[in-house]
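**Student:** the amino acid sequence is not available; the structure is as follows:
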């Protein structure tokens with residue numbers, strides 16, 4: 001099973017075209033001369049490319065390898081995850097996106113400063129950076145490792161090529177290049193998966209025969225209504241627990257929120273969230289169908305080699321090379337599909353990391369930095385994170401089975417971050433002490449369960465597969481990496497005590513950890529003195545309780561809102577500070593601290609500002 005010349009040509013074309021898109025945006029339009037253009041595509045994107053970019057980030061290489069393996073081994077129960085997409089996208093579209101967009105954020109974590117204080121913002125930012133840095137090397141190394149094991153494709157040649165190409169177009173072309181390469185790569189992913197499904201189904205006798213074989217062998221799952229949270233997959237775990245996993249990605253993850261913020265209007269941002277819903281269902285269906293085709297094919301053919309593979313991450317590539325070996329070009333198309341998933345995910349990580357580092361950790365402490373220097377520094381940050389990704393890929397290769405713990409850590413961070421944002425948005429009396437304490441408690445709980453589960457599985461049974469891409473249970477960027485790294489699904493064992501606790505279904509992880517943050521945060525806020533209504537900006541609160549209990553009398557709803565008065569006017573800007581002069585405010589950008597001269601002069605800046613500790617911070621880019 002080796003690549004032909006045609007396969008190599010198709011694979012190289014993917015890399016060349018991806019680089020070409022980056023170069024095009026580096027030398028066209030505004031040529032990435034401002035931070036707004038480099039980090040937010042000048043807030044000029046329409047909903048369709050944003051939606052496809054959201055999808056491409058979601059559909060990582062580990063999902064392309066993992067979902068078919070999950071279906072092959074355990075049946076179609078995982079397909080019910082599609083039910084969680086409904087609320088998982090409606091809630092961000094109507095709560096998170098409007099709030100973030102109206103605040104005109106660049107970094108999601110700016111919200112935490114507007115709602116709490118700078119310390120909470122920095123804690124959120126550092127947690128996100130820790131999360132993404134761990135994941136970057138893994139998502140680069142994992143598909144290259146699987147490809148090398150099955151096809152003999154040079155391992156480090158693939159790692160270096162992908163890493164450098166991705167770094168090149170992200171550094172030169174900014175977010176606009178990332179989004180448009182995501183669009184291109186999305187179509188490559190669709191084409192590669194469709195090619196495998198069509199050819200595989202034809203070899204079996206058609207898709208109807210595939211379904212018949214799967215039904216006969218009980219691979220078509222019914223609805224499992226078992227409410228046991230320790231059940232690996234049930235309807236409740238997939239449909240409800242999946243909502244929390246979706247929210248941790250589409251609601252508060254910087255890589256996705258940054259795309260909403262690049263939209264030219266709030267309506268376009270909301271539309272992008274709705275447009276990605278049918279695309280996600282198609283992607284989920286393609287992954288599941290590929291798994292069924294793979295099962296049907298090997299049910300009628302010798303599957304000895306497949307069963308002898310050292311890890312399930314190699315199953316899909318082995319199957320692809322097996323059925324497409326007589327069709328030059330198609331193996332190359334699928335490998336391009338696989339690497340498209342990796343490129344889209346990694347480029348999103350580079351760009352989002354550069355954004356939060358620049359916006360949250362540099363600009364607030366160097367308010368006098370010029371726009372040209374800030375833009376150059378943003379590009380250098382993207383380049384630096386790209387090189388760090390290659391370093392992390394090398395570390396990944398040395399870690400062996402310990403790498404599974406690193407992968408688990410990434411997935412465990414998403415739930416606590418979601419809980420932190422929900423604590424701020426939905427509970428007006430929560431204070432900064434409660435927020436930080438809740439985040440720490442959520443992370444401790446996540447690490448306790450995750451690492452405890454990992455250690456327990458190693459001690460009580462055969463270790464989880466050492467190769468890094470055994471991740472068959474979810475395509476979610478935020479949680480894909482923890483799927484079966486934390487729960488061994490090969491055999492069911494009767495366990496009690498802490499071991500039972502460690503066997504909590506991975507689908508409940510985000511819900512459990514985010515709930516921990518909220519409960520601890522509320523208790524600590526109450527004990528340390530709730531925030532006063534006059535200290536909370538209404539623009540940072542979503543009155544969820546009063547909206548859900550809309551039938552209550554007004555006085556009771558006011559109590560639920562903790563005395564905060566919400567304006568009924570859409571254009572009410574409670575963050576606005578009205579006295580600015582054209583000279584003083586010209587060119588100010590997100591995070592700048594306004595001096596006394598700017599505060600006292602007459603005129604208007606036309607943007608939103610927030611007072612904090614005697615300083616005014618710009619929270620919307622302004623230009624006159």
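**Tutor:** Arrived safely. These numbers come from a predicted model, not from an experiment.
**Student:** please point out which parts of stretch 504-522 sit buried.
**Tutor:** 504-518, 520-522 (16 or more other Cβ atoms under 10 Å). The C-beta positions use only the backbone N, C-alpha and C, and glycine is treated the same way.
**Student:** contact partners for the closest residue to residue 392 other than its chain neighbours?
**Tutor:** Leaving aside its chain neighbours, residue 392 sits nearest to residue 137 (2.4 Å; criterion: Cβ to Cβ, 6 or more residues apart in numbering). By Cβ atoms under 8 Å, 6 or more residues apart in numbering, the contact set of residue 137 is 389, 390, 391, 392, 393, 394, 395, 396.
**Student:** what residues are up against the third one?
**Tutor:** With contact taken as Cβ under 8 Å, 6+ apart, residue 391 is in contact with residue 137.
**Student:** lowest-pLDDT helix or strand in the protein?
**Tutor:** helix 582-585 (a mean of 37; mean pLDDT, DSSP states H and E).
**Student:** run the chain-centre distance for the biggest helix by length in the chain.
**Tutor:** Taking DSSP state H as the criterion, the chain has its longest helix at helix 155-204. Its chain's C-alpha centre and that of helix 155-204 lie 17 Å apart, by Cα atoms, centre = their mean, to the nearest Å.
**Student:** give me the mean pLDDT for that helix.
**Tutor:** In this model, helix 155-204 has a mean pLDDT of 87.
**Student:** okay, strands next: where are they in the stretch 201-350 of the chain?
**Tutor:** Counting by DSSP state E, counting those that start in this stretch, one finds no strands in the stretch 201-350 of the chain.
**Student:** output the below-cut-off pLDDT ranges for it.
**Tutor:** Counting by pLDDT under 70, the stretch 201-350 of the chain shows low-confidence ranges at 303-313.
**Student:** hey, where'd the helices end up in it?
**Tutor:** According to DSSP state H, counting those that start in this stretch, the stretch 201-350 of the chain carries its helices in the segments 207-216, 235-236, 242-250, 254-261, 266-300, 304-307, 315-324, 330-356.
**Student:** just read off the phi/psi values of residue 25.
**Tutor:** phi -80, psi -10 (degrees, to the nearest 10).
**Student:** my read is that it contacts residue 179, right?
**Tutor:** No - counting by Cβ atoms under 8 Å, residue 25 does not reach residue 179; the two are 9.5 Å apart.
**Student:** who has more neighbours, the two?
**Tutor:** The neighbour comparison of residue 25 against residue 179 (other Cβ atoms under 10 Å) goes to residue 179, with 28 against 25.
**Student:** on that earlier part again, which of the helices of the stretch 201-350 of the chain sits closest to residue 562?
**Tutor:** With Cβ to Cβ, the closest approach to residue 562 among the helices of the stretch 201-350 of the chain belongs to helix 242-250: 23.3 Å.
**Student:** give me the contact list for the closest one.
**Tutor:** With Cβ under 8 Å, 6+ apart, helix 242-250 has contacts from 54, 58, 81, 83-85, 87-89, 91-92, 96, 256, 273, 414-415, 417-418, 474, 476-479, 507, 509-511, 514.
**Student:** ok, now which ones touch residue 201?
**Tutor:** 207, 209, 210, 293.
**Student:** not counting its neighbours along the chain, what's nearest the first one?
**Tutor:** The reference is to residue 207. Spatial nearest neighbour of residue 207, excluding adjacent residues (Cβ to Cβ, 6+ apart): residue 201 at 4.7 Å.
**Student:** equivalent analysis for residue 64, please.
**Tutor:** residue 341 (5.0 Å).
**Student:** and the one you found, how close does it get to residue 139?
**Tutor:** 9 Å (Cβ to Cβ, to the nearest Å).
**Student:** what is in contact with those two at once?
**Tutor:** Shared contacts of residue 341 and residue 139 (Cβ under 8 Å, 6+ apart): 60, 61, 62.
**Student:** hang on, the earlier thing: how about the residue nearest to residue 64, what does it touch?
**Tutor:** For residue 341, the contacting residues are 56, 59, 60, 61, 62, 63, 64, 143, 185, 189, by Cβ under 8 Å, 6+ apart.
**Student:** helices and strands around the host helix or strand of the first one, which ones?
**Tutor:** This means residue 56. Using DSSP states H and E, residue 56 falls within helix 47-58. Applying 3 or more Cβ pairs under 8 Å, 6 or more residues apart in numbering; DSSP states H and E, one finds that helix 47-58 makes contact with helix 155-204, helix 254-261, helix 266-300, helix 330-356.
**Student:** re the thing from before, okay, the angle between the longest helix of the chain and helix 254-261?
**Tutor:** Counting by axes from the mean of the first three to the mean of the last three Cα atoms, to 10 degrees, helix 155-204 lies at 70 degrees to helix 254-261.
**Student:** re earlier: among the buried residues of stretch 504-522, which lie within strands?
**Tutor:** Secondary structure from DSSP state E places none of those in strands.
**Student:** looking at the contacts of helix 242-250, which are in helices?
**Tutor:** 54, 58, 84-85, 87-89, 91, 256, 273, 414-415, 417-418, 509-511, 514.
**Student:** tally up the residues packed near residue 327, please.
**Tutor:** 13.
**Student:** nearest spatial neighbour of it, skipping sequence neighbours?
**Tutor:** Closest residue to residue 327 apart from its sequence neighbours, by Cβ to Cβ, 6+ apart: residue 199 at 6.8 Å.
**Student:** any idea how many residues pack against the one you found?
**Tutor:** For residue 199, the number of neighbouring residues by other Cβ under 10 Å comes to 17.
**Student:** you'd agree it is up against residue 325?
**Tutor:** No - taking Cβ under 8 Å as the definition, residue 199 is not a contact partner of residue 325, at 10.7 Å.
**Student:** of the contacts of residue 137 - the most surrounded one?
**Tutor:** Highest neighbour count within the contacts of residue 137: residue 389, with 27 neighbours (other Cβ under 10 Å).
**Student:** so what's that one up against?
**Tutor:** 136, 137, 140, 163, 166, 167, 346, 349, 350.
**Student:** can you do 6 Å?
**Tutor:** By Cβ atoms under 6 Å, 6 or more residues apart in numbering, residue 389 lies in contact with 136, 137, 140, 163.
**Student:** looking at those, which are in helices?
**Tutor:** 136, 137, 140, 163.
**Student:** so which of those residues comes closest to residue 445?
**Tutor:** Closest to residue 445, out of all of these and judged by Cβ to Cβ, is residue 136, at 25.0 Å.
**Student:** how about that closest one, nearest residue that isn't a chain neighbour?
**Tutor:** That would be residue 389: by Cβ to Cβ, 6+ apart, it lies 4.2 Å from residue 136.
**Student:** next up, phi/psi of that neighbour, please.
**Tutor:** phi -60, psi -40.
**Student:** picking that back up, any idea how far residue 339 is from the residue nearest to residue 392?
**Tutor:** Distance of residue 137 to residue 339, computed by Cβ to Cβ: 15 Å.
**Student:** now do residue 280 against residue 52, distance only.
**Tutor:** Counting by Cβ to Cβ, the gap from residue 280 to residue 52 is 11 Å.
**Student:** sorry, slip of the keys, the one I care about is residue 92.
**Tutor:** Counting by Cβ to Cβ, the gap from residue 92 to residue 52 is 17 Å.
**Student:** do residue 330 as well
**Tutor:** Taken as Cβ to Cβ, the span from residue 330 to residue 52 is 23 Å.
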